[in-house]
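> I'll drop the sequence and a predicted model, then ask my questions.
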Amino acid sequence: MITTVTGKHQITIPAKLASAMGIVPGSRLEWQSTAQASVIRVRVLPDRKAIANGLLGAGRQFLAAAAAKADQ
């Protein structure tokens with residue numbers, strides 16, 4: 001797949017690739033240069049909402065342990 005950089009330094013991600021990688025409007029991508037001058041590494045960052053939902057309730061085990069310790 002080949003894309004072209006616009007005058008505003010924007011690119012279009014091919015639909016097939018975007019779909020396969022779960023890239024939707026608002027997705028964040030991390031760009032990194034590599035030791036090879038002609039190679040750029042791109043990583044799709046996790047959605048902040050998904051991270052927050054994954055952490056929801058994660059501290060309850062520590063809260064329960066602290067409460068049990070306080071009751072002793």
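Arrived safely, thanks for sending. As the structure is a computational prediction, the values presented were derived from the model and not from experiment.
> and stretch 27-34, how far from the chain's centre?
Put simply, stretch 27-34 sits 10 Å off its chain's centre (C-alpha atoms, centre = their mean, to the nearest Å).
> Put the alpha carbons of it into PDB.
Extracted C-alpha coordinates of stretch 27-34, given in PDB (Å, rounded to 0.1, in the frame of the first residue of the first chain):
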ATOM      1  CA  SER A  27      -7.400   7.200  17.400                       C
ATOM      2  CA  ARG A  28      -3.900   8.300  18.600                       C
ATOM      3  CA  LEU A  29      -0.800   7.100  16.800                       C
ATOM      4  CA  GLU A  30       2.800   7.300  18.100                       C
ATOM      5  CA  TRP A  31       5.400   7.900  15.500                       C
ATOM      6  CA  GLN A  32       9.100   7.000  16.100                       C
ATOM      7  CA  SER A  33      12.200   7.300  13.900                       C
ATOM      8  CA  THR A  34      14.400   4.200  13.700                       C
END
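> Got the phi and psi for residue 71?
phi -80, psi -20 (degrees, to the nearest 10).
> Look at it and say how many residues are nearby.
Neighbourhood size, residue 71 [other C-beta atoms under 10 Å]: 6. Backbone N, C-alpha and C define where each C-beta goes, glycine included.
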